[in-house]
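Enquirer: Sharing a sequence plus its predicted fold:
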Amino acid sequence: MARKKKHFRTEFRKNRSPRPRQNEWTRRVQTEGTDTHEEMAADERISGKGELTRKRTVTGQETSGDETGFGVLPDVDEASCRRGRVLGVFGLNSTVEAEDGTQFRCATRRLLKTLSTEQRHVVAAGDLVWFRPSGANEGIIERVEPRHGVLSRTSRGRQHLIVTNVDQLVIVASAAEPYLKPNLIDRFLVSAERNRIQPIICINKIDLIDAASLEPLVGVYSRMGYCVLLVSARTGLNVARLRQQLAGRQSVVTGQSGVGKSSLLNAVEPGFDLRVRTVSAESQKGRHTTTTARVLRLANGAYVVDTPGLRQFQLWDIVREEIGGFYRDLRPFVSRCRFPDCTHIHEEHCAVKDAVADGWLDTRRYESYCHLFTGEPE
Ligand code: GDP
Ligand code: ZN
């Protein structure tokens, strides 16, 4: 990524012109809550009355817009600002955790809203930010660092960030009760690959079966380079390894309901469930609870994202034709098919099908690909 130091001219929205009223702050907050298009329309109206355009020079680094959502990373005064992580966004405010663990309720600097190109919420859970403390527990977010591992959903052509800087997708399955569904694991793997988030596969309730029976399946995933943990929240088997795997990263835990996600997190950190409930109750107090992702910190410095929506993690925005490329084991063969648009389902001279026939590819994985591609129920 090219980083150039630059000066930027940015236009301020007109509704920022001085308004000597006591409730100006409230009004501003209310205006900021409106849709950008409306604000732009308002600006145009005011311009029509001949008010001067207010411009301001911003110093910062140029970044690629798709990665950050911003074209510019404004410079901040590192002496008076602090670094933090956004744990949740509630309406116009964010809960930001400073590096020493203190939490601040932060508004967002107007400039960031001006620079933000696409998304409805300028700041999202998981964002690493610089903020200027403006009281014991309040502050203003001045800058959002470039993001990675973004989970978002698109609605009406706009990108809605759910959570950013996700390092790891913990795919939880259960060995039994409910019975193991490898195709569902594959689905989650495709989502992880699609979002360029490192997946780990965690097969829970291993106490209910003979672990040796999982060897072939685990072998297939391990050979593709995926980390597979066989765990039991009940007996504590490999819970320490899971805890270690979470440490120092921000993870999203996903999987079918009943596989033991809450039990595992509670085994990793006793009382986790209770904290989720407390934080949920707190965020419900806010009037706007449109963005519900919350980031919770574990004792070992791990961050776990809790979003009710992500528990039913979907294959967002995935074009059917792209699925083959997200199957790590299929990928090397895809380019060798005779037809560049080969679906690997019915074509003659398909390198993927040949690889299955010759035993290079796991038959179950190929069938799981077919199910996902055709959308047939399994
Ligand atoms: P979630 O919906 O994925 O959060 O699943 P829960 O954590 O609520 O667990 C669902 C059920 O599975 C509960 O009755 C748990 O007691 C049970 N369970 C969770 N982990 C294990 C385990 O390792 N072994 C066994 N035998 N049962 C488990
Ligand atoms: Zn093919």
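Expert: That came in fine, so what should we check first? Ligands and ions are numbered 1, 2, ... in the order given.
Enquirer: use CA for all of it now, contacts and neighbours both
Expert: OK.
Enquirer: I'd guess residue 124 is in a strand, am I close?
Expert: No - secondary structure of residue 124 (DSSP: H, G, I helix; E, B strand; the rest coil): coil, not part of a strand.
Enquirer: check contacts around it.
Expert: 86, 88, 89, 161, 162, 163, 164 (C-alpha atoms under 8 Å, 6 or more residues apart in numbering).
Enquirer: And for whichever residue of the stretch 1-150 of the chain sits closest to ligand 2, the neighbour number?
Expert: Taking C-alpha to the ion as the measure, the stretch 1-150 of the chain has residue 149 as its residue closest to ligand 2, at 29.7 Å. Taking other C-alpha atoms under 10 Å as the criterion, the count of residues near residue 149 is 20.
Enquirer: so when I look at it, I'm seeing a helix, right?
Expert: No - counting by three-state DSSP, one finds residue 149 to be coil, located in no helix.
Enquirer: Let's see the strand or helix carrying residue 159 as PDB, backbone CA atoms only.
Expert: Assessed by DSSP states H and E, residue 159 sits inside strand 158-163. Below are the C-alpha coordinates for strand 158-163, written out as PDB (Å, rounded to 0.1, in the frame of the first residue of the first chain):
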ATOM      1  CA  ARG A 158     -24.200   0.600   1.000                       C
ATOM      2  CA  GLN A 159     -21.800  -1.200   3.000                       C
ATOM      3  CA  HIS A 160     -22.700  -1.800   6.600                       C
ATOM      4  CA  LEU A 161     -19.800  -2.700   8.800                       C
ATOM      5  CA  ILE A 162     -20.500  -5.300  11.400                       C
ATOM      6  CA  VAL A 163     -17.100  -5.800  12.800                       C
END
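Enquirer: Pairing partners for that strand, with directions?
Expert: Sheet pairing for strand 158-163, assigned by DSSP bridges, gives strand 151-155 (antiparallel).
Enquirer: And the pLDDT for residue 160?
Expert: What the model reports for residue 160 is a pLDDT of 77.
Enquirer: Could you confirm whether stretch 183-203 reaches ligand 1?
Expert: No - against ligand 1, stretch 183-203 shows no contacts by C-alpha under 6 Å from any ligand atom, the least distance being 9.0 Å.
Enquirer: Contacts for that stretch, please.
Expert: Residues from elsewhere that reach stretch 183-203 (C-alpha under 8 Å, 6+ apart): 149-151, 166-175, 226-231, 313-316, 318, 323, 326-327, 365, 368, 372.
Enquirer: These in strands, which ones?
Expert: Assigned to strands by DSSP state E, the following of those qualify: 151, 168, 169, 170, 171, 172, 173, 174, 227, 228, 229, 230.
Enquirer: how close does the residue of the stretch 1-150 of the chain closest to ligand 2 get to residue 196?
Expert: In this structure, residue 149 lies at 6 Å from residue 196, with C-alpha to C-alpha, to the nearest Å as the measure.
Enquirer: Now do the helix or strand harbouring residue 189 against strand 168-174, angle only.
Expert: Assigning secondary structure by DSSP H and E places residue 189 in helix 182-194. Comparing the axes of helix 182-194 and strand 168-174 via axes from the mean of the first three to the mean of the last three C-alpha atoms, to 10 degrees yields an angle of 180 degrees.
Enquirer: Okay, now the sheet partners of the following helix or strand past helix 182-194, with direction.
Expert: Along the chain past helix 182-194, the next helix or strand (assigned with DSSP H and E) turns out to be strand 198-204. Paired neighbours of strand 198-204 in the sheet (DSSP bridges): strand 168-174 (parallel), strand 227-230 (parallel).
Enquirer: residues making contact with stretch 350-359?
Expert: Contact partners of stretch 350-359, identified using C-alpha under 8 Å, 6+ apart, comprise 330, 333-334, 336-339, 342, 344-345, 361-363, 366.
Enquirer: tell me which residues in it are buried?
Expert: Of the residues in stretch 350-359, those scored as buried under the neighbour-count criterion (16 or more other C-alpha atoms under 10 Å) are 350, 351, 352, 353, 354, 355, 356.
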